[in-house]
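Visitor: structure of the sequence below:
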Amino acid sequence: MSAPEPTPPPRSTPENTPDRMRAVAKYSGIAAQMIATIGLSTWAGYWLDGHFHTKTPWFTLSLMLLGLFAALYNVIRSVTKEQ
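Guide: Presented below is the predicted three-dimensional model:
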């Protein structure tokens with residue numbers, strides 16, 4: 001009794017590849033936008049803390065959280081817009 005031959009994985013069809021690439025580009029762009037939003041808002045808070053010589057990093061923390069919420073809002077809005 002021999003073991004059955006494994007079936008090869010299905011090949012991607014040429015019609016399927018552009019859709020897949022579009023999805024990869026879309027979600028990569030969303031990730032880059034999210035990183036830029038959080039990074040720039042954190043940098044702005046860090047700069048404000050240095051400019052005003054604050055003892056605690058209130059500007060950094062508050063702008064970082066604001067950037068995080070703004071980035072999440074944009075992600076949710078762009079993902080649900082197409083559905």
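Visitor: poorly predicted segments of the chain, please.
Guide: 1, 11-15, 82-83 (pLDDT under 70).
Visitor: so which residues of it form helices?
Guide: Here the chain has its helices, by DSSP state H, at 16-51, 58-81.
Visitor: quick one: which of those is nearest residue 8?
Guide: When these are compared by C-beta to C-beta, helix 16-51 sits nearest residue 8, at 16.5 Å. The way it works is simple: take the backbone N, C-alpha and C, and place the C-beta from them, glycine included.
Visitor: on that earlier part again, distance to residue 4 and mean neighbour count added to the helices of the chain, as CSV?
Guide: Listed next are the helices of the chain as CSV, based on distance: least, C-beta to C-beta, whole Å; neighbours: other C-beta atoms under 10 Å:
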stretch, distance to residue 4, mean neighbour count
helix 16-51, 27, 13
helix 58-81, 41, 14
